[in-house]
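Novice: build me a structure from this.
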Amino acid sequence: MHEVRDPQELRAIAHPVRLQLLDELFLGGPATATELAERLSQSPANCSWHLRQLARYGYVEEAGGGAGRRRPWRAIFRPRRWGAADDSAALAHAGSAVSELLLRRELDQLSDWRAARRAEPAAWRDNGFVNQAIGWLTADELAAVSAEIEAILLRYAGRAALPADRPEGARPIRFVAWGVPVPAAPQ
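Specialist: So this is what the prediction gives:
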């Protein structure tokens, strides 16, 4: 797991177009700035600029072949983590902003799924899930739960960048998990 220590690395993804570009590359595979521009209703120049910003921090890379706007780009699968207790103020601020943006984006995706799920085949409709629970844990137990969930998610996450590893019939699935302490009640 890559520990992000540079606020600029986080700011590189803190833009809606860049997040859309990453989604397109992970879901659709390598593509040129022009192809991505068509999919996102953006200009090729804008997509090219954002792709270069993503490449600067290791989120995407050139896939080889082509030149200029005709060169294909691919997403790089590299799990990242941020939000350590010893983060600088700048990194903590960037981390909070990116986390908020990503969480809002995932909640929008969940709302979209819930609105459209009745149109899904029964197997997909019935196996999609949302779970919620409250448990009493120690800090060490919470760390263990986090590690278990991370291990489960990483088991499948690499397939986003490696289409050959995807089983027949597989679809992209969005996972979001959090475990946060409930604020203490006033005494």
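
Novice: how near is the residue nearest to residue 48 when sequence neighbours are not counted to residue 155?
Specialist: Of all residues not flanking residue 48 in the chain, residue 33 sits nearest, at 4.0 Å (C-beta to C-beta, 6 or more residues apart in numbering). For the C-beta atoms, the positions are set from N, CA and C on the backbone; glycine is no exception. Here residue 33 is placed at a distance of 32 Å from residue 155 (C-beta to C-beta, to the nearest Å).

Novice: neighbour count: these two, which is higher?
Specialist: residue 33 (25 against 9; other C-beta atoms under 10 Å).

Novice: okay but residue 81 is in contact with residue 1, surely?
Specialist: Yes - at 5.1 Å, residue 81 counts as touching residue 1 under the criterion of C-beta atoms under 8 Å.

Novice: low-confidence stretches in this structure?
Specialist: 68-69, 185-187 (pLDDT under 70).

Novice: what segments of it are helices?
Specialist: In the chain, the helices defined using DSSP state H lie at 7-11, 16-28, 33-40, 44-56, 89-116, 122-127, 139-157.

Novice: for residue 77, which of these is the nearest?
Specialist: With C-beta to C-beta, the closest approach to residue 77 among the helices of the chain belongs to helix 139-157: 6.8 Å.

Novice: which other helices and strands contact that closest one?
Specialist: With contacts defined as 3 or more C-beta pairs under 8 Å, 6 or more residues apart in numbering; DSSP states H and E, helix 139-157 has no helix or strand neighbours.

Novice: residues making contact with that helix?
Specialist: The contact list for helix 139-157, computed with C-beta atoms under 8 Å, 6 or more residues apart in numbering, reads 1, 77, 79, 137, 173, 175, 177, 179, 181.

Novice: how about the nearest residue to the last one, chain neighbours excluded?
Specialist: Spatially, and ignoring its direct neighbours in sequence, residue 181 is nearest to residue 142 (7.6 Å; C-beta to C-beta, 6+ apart).

Novice: same check on the third one?
Specialist: With C-beta to C-beta, 6+ apart as the measure, residue 1 is the residue that lies nearest to residue 79, at 5.1 Å, once sequence neighbours are left out.

Novice: now residue 3: how far from residue 98?
Specialist: According to C-beta to C-beta, residue 3 stands 14 Å off from residue 98.
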